[in-house]
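> kindly generate the corresponding structure for this input.
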Amino acid sequence: RRLSRRPPVTLLDVFLQHARHRPHRPLLRFQDQVYTFEDMDRRSNRAAWALSRRLGLRGGRTVAVLLPNEPAYVWTWLALAKLGCPMACLNCNVRGRALRHALEAAQATVVLASPGERGQRGAGGLGVTKDTPGVTSP
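Numbering: from 1, shown residues only. Have a look, this model is predicted:
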């Protein structure tokens, strides 16, 4: 129903509404840490700023994301949604030809990975690989 509205109501819209009206309510519990809507909104804003400024990301550019199940995955997804960048979710356990196929199918120009996946630290503590001319690795 929400998608049939004009304009459609997205998951980002719902998140932002909750962040405005219930900023101190818990959104995510990971190990012994609790993240509120406000925490996730703030972290996703910082990530969106870093991805935009440091990598030149703009709406419409597909970004492949190779992150384990942790809070950074959520605020990265929110950051990309705020920038208008489609996110290609890749399984961080995939390697070799299967990973190459997934990357080619996603047609992403940027790959974000946890430091353990790439061995580098980039925007927001994520390893960054870019195939975009004129953009260099941090």
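> name the element Ile8 belongs to?
Rather than Ile, residue 8 is Pro. Under DSSP states H and E, no helix or strand contains Pro8.
> phi and psi next, for it.
Torsion angles at Pro8 (phi, psi; degrees, to the nearest 10) stand at phi -70, psi 150.
> what does the pLDDT read for it?
Confidence at Pro8, expressed as pLDDT, is 78.
> so what's the residue count around the nearest residue to Gly60 once chain neighbours are set aside?
Excluding its sequence neighbours, the residue lying closest to Gly60 (Cβ to Cβ, 6 or more residues apart in numbering) is Gly84, at 6.4 Å. For the C-beta atoms, the positions are set from N, CA and C on the backbone; glycine is no exception. Other residues lying near Gly84 total 12 when counted by other Cβ atoms under 10 Å.
> contacts only, for Gly84.
For Gly84, the contact set (Cβ atoms under 8 Å, 6 or more residues apart in numbering) comprises Arg58, Gly59, Gly60.
> so which of the residues you listed comes closest to Arg6?
Gly59 (19.5 Å; Cβ to Cβ).
> can you classify that closest one by secondary structure?
Of the three states, Gly59 takes coil under DSSP: H, G, I helix; E, B strand; the rest coil.
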